[in-house]
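S.K.: Sharing a sequence plus its predicted fold:
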Amino acid sequence: MAPPSGDNDAGNNDHLVQSDDPDHPANLIPSLCAKFWTLGWVTGTGGGASIREADLVYIAPSGVQKELMRPSDIYVLSLAAQAKSLDKRSRVYLRSPPQYKPSQCTPLFLAAFTKRRAGCCIHTHSHWAVLVTLILEKGGPGYDREFRINNIEQIKGFGRGFEKSGNLGYHDTLRIPVIENTAHEEDLTEFLEEAMDKYPDTYAVLVRRHGVYVWGENVHKAKTQCESLDYLFQLAVEMKRLNLPWMTDIEPTVPT
Ligand SMILES: CSC[C@@H](O)[C@@H](O)C(=O)COP(=O)(O)O
Ligand SMILES: [Zn+2]
């Protein structure tokens, strides 16, 4: 990984992104995005990831090649300072690299951090996520705003929900809400928040013709849930091709 750029700390809190610890958020965001790029999740500057550690939120710049970011490119925001700010649409950064703008996904990441106390939120432009929203678009009324699937082992990769312990079981139905895309990323925020209110236990929201936002209480959970979801989206697209249903009525086996 490239070392921090060696800026001095003249009022820009550069120390907040300087650490030898590979698990420090300023190091992890670039290294995770480099991995996500290989999966096609964050290519062409689309997608990204943000990490919260206690009050501090670490955010990537906007419009940069996400797999080539350096720790010195990372923005840092305080949730407490943000909560006190009177203008909810403007954001005050503790650290702000002057050559960039913060990710347009920032208000969406903040929704996961404030409404769900998430520790990490990942946004992908995965083909599989986009294809699922396209298939659902043709699914007819009532079905098109929710992806659901059951009786697939990988569903166990998801937590049961906000402030609930344990994971979903094999026979549980995984439900992911779908919101419509908007011309500007930040305008998705109110619809993402609405979906979170309607689906209090969801860890993800699909955005039609765009991608998916996935979060978890820490980096490990956000990453594994995002991987599980991408696996299920790919499987669902292939199942659709084979004319296989996503929902089946296999009953849980009752021990005799
Ligand atoms: C390929 S542009 C994609 C952006 O509009 C947006 O959807 C996105 O995911 C990344 O926004 P960014 O501001 O670069 O972090
Ligand atoms: Zn996007």
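M.R.: Okay, I see it. Ligands and ions are numbered 1, 2, ... in the order given.

S.K.: so where do the helices sit in this protein?
M.R.: With DSSP state H as the criterion, the chain has helices at 25-38, 79-84, 106-116, 127-137, 189-198, 219-241.

S.K.: Packing partners of the helix or strand bottoming out on mean pLDDT in the chain?
M.R.: One helix or strand of the chain scores below all others by mean pLDDT, DSSP states H and E: helix 79-84, with a mean of 92. Applying 3 or more C-beta pairs under 8 Å, 6 or more residues apart in numbering; DSSP states H and E, we find helix 79-84 packed against helix 106-116. Placement of C-beta: from N, CA and C, glycine included.

S.K.: Need the contact partners of the least confident helix or strand of the chain.
M.R.: Helix 79-84 has contacts (C-beta atoms under 8 Å, 6 or more residues apart in numbering) with R52, D55, L56, V57, R91, V92, L94, L110, F113, T114.

S.K.: Would you mark the buried spots in that helix?
M.R.: Residues Q82 are the ones in helix 79-84 that count as buried (16 or more other C-beta atoms under 10 Å).

S.K.: Same check on stretch 16-31?
M.R.: For stretch 16-31, burial by neighbour count (16+ other C-beta under 10 Å) applies to L16, V17, Q18, H24, P25, A26, N27, L28, I29, P30.

S.K.: residues contacting the nearest residue to the second one once chain neighbours are set aside?
M.R.: Leaving aside its chain neighbours, V17 sits nearest to A26 (3.7 Å; criterion: C-beta to C-beta, 6 or more residues apart in numbering). With contacts defined as C-beta under 8 Å, 6+ apart, A26 is in contact with P4, L16, V17, Q18, S19, Y58, P71, I74, V76.

S.K.: Spatially central residue (nearest the centroid) of the protein, please.
M.R.: Taking C-alpha atoms, centre = their mean, the centroid of the chain lies closest to I122, which sits 2.6 Å from it.

S.K.: Wait, it touches W215, no?
M.R.: Yes: if you go by C-beta atoms under 8 Å, I122 and W215 touch, sitting 7.3 Å apart.

S.K.: Ligand 1 contacts on this structure?
M.R.: Residues of the chain lying close to ligand 1 by C-beta under 6 Å from any ligand atom are 44-48, 60, 62-63, 103-105, 123, 185.

S.K.: so which of those residues comes closest to L206?
M.R.: H123 (11.3 Å; C-beta to C-beta).

S.K.: show me what contacts the closest one?
M.R.: G47, G48, A49, C105, L108, F109, G211, V212, Y213, V214.

S.K.: Neighbours of the nearest residue to Q234 once chain neighbours are set aside, how many?
M.R.: Spatial nearest neighbour of Q234, chain neighbours left out: W128 (4.4 Å); criterion: C-beta to C-beta, 6+ apart. Neighbourhood size, W128 [other C-beta atoms under 10 Å]: 22.

S.K.: swap in E238?
M.R.: Counted with other C-beta under 10 Å, the neighbours of E238 add up to 12.

S.K.: what does K164 give?
M.R.: Using other C-beta under 10 Å, K164 has 10 neighbouring residues.

S.K.: okay, D23: pLDDT?
M.R.: pLDDT, D23: 98.

S.K.: ignore the last one, D144
M.R.: Reported pLDDT for D144: 85.
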